[in-house]
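Student: I'll drop the sequence and a predicted model, then ask my questions.
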Amino acid sequence: MLGTIQKMGKVLKQFTLDHPDWGVNELALHLAMPRSTTHDLLKSLAEIGVLTQNVQGRYHVSWQVMRFAQNRLWSSALATQAHQAMSQLRQFFRVTSYFAILEQDQVLFLLSNIDSQPNLLDLTHIVYEGASFNSAAGKVLWAGRSWADIEKKLSETETLSSAAPSAASTQKPSPESYRVVLQRTQTDGYAVSLDEVVADWGDIAVPILDKQQRVIAAIGLIMPSQQLLDQRQVYQQSLVDIGAKLSQTKA
Amino acid sequence: MQNTILKAGKALNLFNLNRLGIELTAAEIARQLNEPTSTVHDLLHSMVSIGLLEVTGKGRYRLGWELVRLSHLRYFYTQCHADVHASLQRLANETALGAHYSLLENDTLIVLEFVMGANCVAFTPNSNASPIDGPMFWTAGGRVLWAYQPWDHVEQVIAKHGLGVNIPNLASLSLSYREDLVQVRQEGFAERSNGEERSLAVPVFHLNQNVIGALSLFGPTQAFGSDVQQYRERLIQASQQLSDQLRKMDDPYATLYPTKPA
């Protein structure tokens, strides 16, 4: 049983921004799995409503998954409070705000408020998933993990954020330099990233902690690097206040 | 293999059956799946390891973030996402209520996105009164969406799922439901209020006046105040704007993933 569910998890993990749909043969080859096993897995995942087949016979994530996701988000006081805080941040500062979690070694940016101003970046197109070591959110979230976990993930990761349109995004930090960055993040209680994910853009983030002072999420802002440099103190103070308030919310 | 995945699917569905944010123990799930607790424990443990479930501090299980990742993968890159999101955000900002967009897929009502306004931050629907899964015939959004389906199809779905309310005389209820849908279609608007909660919904149209979704406002009844009409007008206006935007797309629900840089 455990083996089947692990395989199911492995299959689901292949559905990413880089590869949102798969054919049976293609996935079997990619996972080095027998075609019949891959076919059975995809078919079963479609039967339970997690995947669906398009007219070309390729599998992609089903709308039905929205039901589960909405349930998860709607039932989380933290997610709804964070959503409200992000709206306020966006309206006040006129920049994009985000809520991020570290789920199984992937930084997942959720509920990002995309500002309607056309010159602002659409956050979800840049750092939707991946380890995201270099983003401020990544630094804050990884700072809450054990160093052994981080070293392992760093050694497993070849390149970063392949969806990002910048050479900077593919640079992986060295373990030594990243350890210093994370120690500083822990001391400061916030993190900044300037030109480290996308040229001329940066983000600033603070942790959201649970009752045991463990990092469970991050909330942050994304904007042009120069704007972040000019107003860093203001953004930092606002986020620190909001992070502290959200840390009192039940996850 | 298929059996294990089907069991996992059934286990996931238990979390959506009764109310939002449900947390269940292995024993409760085992009872509902009619399986030994030890088997279910192994199943749940492995589902946790792939992120479909989480263990809460109290040793209970709830839905996991992997499902949120997968749903975002589907929704954020849907052609209509930016327009739907902007529409909901505007509605929530202007009314301070909750706003959501829903559609029907395989006779199930799917809420694509919700945005909570200032007066609804801590509001969650009273799920004991409202079913949260399936056709959701009696919600305002559900009534709007079902009102534009052929009645013979609605009847088939009612026969399969039931209307979802505990009223013994189903035949007359079904008849009154039909009348209700006719009225909703005539007015292009549905309202539901159970005293504590209120929701309003209007259809969103695509080409040839096909209804492809429903736009709703919801929240505690007191947050609506006495002038519900103003919200109805605002909702109709938002729906017209959104329909105009979606009509420019051949398939608003198609996904457009960003091209990877060379």
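Tutor: All right, it came through fine.
Student: show me where chain A has helices.
Tutor: A:2-13, A:24-31, A:35-47, A:65-74, A:77-93, A:136-142, A:147-156, A:175-188, A:225-230, A:232-246 (DSSP state H).
Student: For the shortest one, buried residues please.
Tutor: Of the residues in helix A:225-230, those buried under the neighbour-count criterion (16 or more other Cβ atoms under 10 Å in any protein chain shown) are A:225, A:227-228. C-betas here are computed from N, CA, C, even on glycine.
Student: quick one: which of the residues you listed is nearest chain B?
Tutor: For the buried residues of helix A:225-230, the minimum distance to chain B (Cβ to the nearest Cβ) is 19.5 Å, reached by residue A:225.
Student: Please pull out the lowest mean pLDDT helix or strand from chain A.
Tutor: strand A:106-113 (a mean of 68; mean pLDDT, DSSP states H and E).
Student: pLDDT wise, what is residue B:261 at?
Tutor: Looking at residue B:261, its pLDDT reads 47.
Student: what do you get for residue B:130?
Tutor: 44.
Student: Equivalent analysis for residue A:37, please.
Tutor: 95.
Student: What is the burial count for it?
Tutor: 15 (other Cβ atoms under 10 Å in any protein chain shown).
Student: Isn't it up against residue A:7?
Tutor: Yes. Counting by Cβ atoms under 8 Å, residue A:7 is a contact partner of residue A:37 at 7.4 Å.
Student: looking at chain A, which residue lies furthest from center?
Tutor: What lies farthest from the middle of chain A is residue A:36; by Cα atoms, centre = their mean that is 32.8 Å.
Student: separation between that residue and chain B?
Tutor: For residue A:36, the distance to chain B (Cβ to the nearest Cβ, to the nearest Å) stands at 10 Å.
Student: Could you dump the buried residues of helix A:225-230 into TSV and include pLDDT?
Tutor: Shown next, in TSV, are those (pLDDT from 0 to 100):
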residue	pLDDT
A:225	92
A:227	94
A:228	94
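Student: Any chance of those residues in CSV with distance to chain B as columns?
Tutor: Compiled in CSV, these are given as follows (distance: Cβ to the nearest Cβ, whole Å):
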residue, distance to chain B
A:225, 20
A:227, 22
A:228, 23
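Student: For residue A:211, state which of those residues is nearest.
Tutor: residue A:228 (31.3 Å; Cβ to Cβ).
Student: what about the residue lying closest to that closest one once chain neighbours are set aside, neighbour count?
Tutor: Counting by Cβ to Cβ, 6 or more residues apart in numbering or on different chains, residue A:228 lies nearest to residue A:202, which is 4.4 Å off, once chain neighbours are set aside. By other Cβ under 10 Å, 23 other residues sit near residue A:202.
Student: Test my guess that residue A:202 contacts residue A:224.
Tutor: Yes. The pair residue A:202 / residue A:224 is scored as a contact, 7.4 Å apart, by Cβ under 8 Å.
Student: How about the backbone phi and psi for the spatially most central residue of chain B?
Tutor: The residue lying closest to the centre of chain B (Cα atoms, centre = their mean) is residue B:111, at 3.3 Å. Backbone geometry at residue B:111, expressed as degrees, to the nearest 10, gives phi -90, psi 110.
Student: Let me know the next secondary structure element after the helix or strand containing residue B:177.
Tutor: Using DSSP states H and E, residue B:177 maps to helix B:170-187. Going down the chain from helix B:170-187, the next helix or strand is strand B:190-193, by DSSP H and E.
Student: That following strand - contacts with which helices or strands?
Tutor: Judged by 3 or more Cβ pairs under 8 Å, 6 or more residues apart in numbering or on different chains; DSSP states H and E, strand B:190-193 is in contact with helix B:140-147, strand B:197-205.
Student: Not counting its own residues, what contacts the shortest one?
Tutor: Spelled out, it's helix B:140-147. Under the contact criterion Cβ atoms under 8 Å, 6 or more residues apart in numbering or on different chains, helix B:140-147 has outside partners B:100, B:102-104, B:109, B:111, B:135-137, B:154, B:180-182, B:184-185, B:189-192, B:199-203, B:211, B:213-214, B:216, B:218.
Student: mind redoing it with 7 Å?
Tutor: B:102, B:104, B:109, B:135-137, B:154, B:180-181, B:184-185, B:190-192, B:199-203, B:211, B:214, B:216 (Cβ atoms under 7 Å, 6 or more residues apart in numbering or on different chains).
Student: where's residue B:7, which helix or strand?
Tutor: helix B:2-17.
Student: Tell me which residues of that helix come out buried.
Tutor: Going by neighbour count (16+ other Cβ under 10 Å), the buried part of helix B:2-17 is B:4-5, B:7-8, B:10-13, B:15-16.
Student: Residue A:79: which of the residues you listed is nearest?
Tutor: residue B:15 (15.9 Å).
Student: what are the ranges of the helices in the stretch 1-150 of chain B?
Tutor: Assigned by DSSP state H, counting those that start in this stretch, the stretch 1-150 of chain B shows helices spanning B:2-17, B:26-33, B:37-49, B:65-75, B:81-95, B:140-147.
Student: Wondering if the first one reaches chain A at all.
Tutor: What it means is helix B:2-17. Yes. Using Cβ under 7 Å from any Cβ of the partner chain as the criterion, contacts between helix B:2-17 and chain A involve B:2, B:4-6, B:8-9, B:12, B:15-16.
Student: for the third one, same thing?
Tutor: Yes. Using Cβ under 7 Å from any Cβ, helix B:37-49 comes into contact with chain A via B:42-43, B:46-47.
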